[in-house]
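Peer 1: Give me a model of this one.
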Amino acid sequence: RLTIGGEDARHLAVVRRACAGDLVRISDGRGTIADARLTSVTPAAVGAEVLARTVTPAPSPRIAVHQGLAKGDKVDGVIRHLVEMGVDEIVVFAAGRSVARWDAPRQAAAGRRWATIAREAAKQSHRPWLPVLEGPLPGAEAAAAATAGRGLGLVAHPVAGSRLGDVLADRAATHRGPESVWVVVGPEGGLSEDEVATFAAAGAVPVSLGPQILRTETASVVAAALVLHHFGRLG
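Peer 2: Got it, this is the predicted structure:
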């Protein structure tokens, strides 16, 4: 038997108007999914009886996206889309060309909002694994340090000599598949040459996404989709 509390209990009781006997699907966000029947419903707590339980292994390779802090609510949308697509980790960092400059209270508020967005997107898309969220980190150095030495790194750069798809294909032909892949996308205006060098020093390969110049919120989704598709996790 399980007890559902917090916002999920209120949502079931008040918004969904669930009743005892209704069937629901519950996830712990760490791979376990349970089909259950509700036994009691109040806004404070919902009781459920588990009928079946399945465990989904963590997806491989692990995919992370480093998103440069963008202005307005662009990062909100990026997080929502990346979570729906199946990205495992999202790191937001303040780049040198980031227009937004936040103090500590605003950073904390943004972190809470992003966690809510990610959780709602995970529920909507029926993800058995919740993503990891980090940031906003103070700069490219902190973002690079968070993944230095981890798997295959790619940094989106319009003037890079190699295209993302070609790098992935070459890697597959000459190496065993990586355990993790991390992709870096700058904010409006892109990354500076120094920031590209910082990520390259941490193991990332500068790559182009094609001849078109994409907005930051588009580039993150495109890059993630290409990587997820290459490894059979999308499409």
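Peer 1: mind checking how far residue 149 is from residue 201?
Peer 2: Residue 149 sits 11 Å away from residue 201, taking C-beta to C-beta, to the nearest Å as the criterion. (Each C-beta comes from the backbone N, C-alpha and C, glycine too.)
Peer 1: what are the phi and psi angles of residue 43?
Peer 2: phi -60, psi -20 (degrees, to the nearest 10).
Peer 1: didn't it look like it was pressed against residue 10?
Peer 2: Yes. At 4.8 Å, residue 43 and residue 10 qualify as touching, with contact defined as C-beta atoms under 8 Å.
Peer 1: Just give me the longest helix of this structure.
Peer 2: If each helix of the chain is counted by residues according to DSSP state H, the longest one is helix 104-124.
Peer 1: helix or strand right after that one?
Peer 2: strand 132-137 (DSSP states H and E).
Peer 1: which residue ranges form the strands in the protein?
Peer 2: Using DSSP state E, the strands of the chain run over 2-4, 23-27, 32-41, 46-55, 62-68, 89-93, 132-137, 152-156, 180-185, 204-207.
Peer 1: Specify the stretch among the ones you listed that is closest to residue 103.
Peer 2: strand 132-137 (11.3 Å; C-beta to C-beta).
Peer 1: how far out from the middle of the chain is the helix or strand of the chain with the lowest mean pLDDT?
Peer 2: One helix or strand of the chain scores below all others by mean pLDDT, DSSP states H and E: helix 164-174, with a mean of 84. Mean-position distance between helix 164-174 and its chain equals 23 Å (C-alpha atoms, centre = their mean, to the nearest Å).
Peer 1: any low-confidence regions in the chain?
Peer 2: Along the chain, segments meeting pLDDT under 70 span 172-175.
Peer 1: if we can go back for a sec, can you give me the buried ones in the least confident helix or strand of the chain?
Peer 2: By 16 or more other C-beta atoms under 10 Å, the buried positions in helix 164-174 come out as 164, 165, 167, 168, 171.
Peer 1: Not counting its neighbours along the chain, what's nearest the first one?
Peer 2: Think residue 164. Counting by C-beta to C-beta, 6 or more residues apart in numbering, residue 164 lies nearest to residue 207, which is 4.2 Å off, once chain neighbours are set aside.
Peer 1: what about residue 32, how many neighbours?
Peer 2: Neighbour count for residue 32, taken as other C-beta atoms under 10 Å: 14.
Peer 1: correct me, but residue 83 touches residue 127?
Peer 2: Yes. Using C-beta under 8 Å, residue 83 makes contact with residue 127 at a distance of 7.1 Å.
Peer 1: re earlier: of the buried residues of helix 164-174, which is the nearest to residue 53?
Peer 2: residue 168 (35.7 Å).
Peer 1: How about the closest one, nearest residue that isn't a chain neighbour?
Peer 2: Residue nearest to residue 168 in three dimensions, not counting chain neighbours: residue 230, with 4.7 Å by C-beta to C-beta, 6+ apart.
Peer 1: what's the answer for residue 121, then?
Peer 2: residue 83 (3.9 Å).
Peer 1: can you tell me how far the one you found sits from residue 231?
Peer 2: For residue 83, the distance to residue 231 - C-beta to C-beta - is 17 Å.
Peer 1: more neighbours, those two?
Peer 2: Using other C-beta under 10 Å as the criterion, residue 83 and residue 231 rank with residue 83 on top: 25 against 17.
Peer 1: that older thread, I figured the residue nearest to residue 164 was touching residue 155, is that so?
Peer 2: Yes. Counting by C-beta under 8 Å, residue 155 is a contact partner of residue 207 at 7.0 Å.
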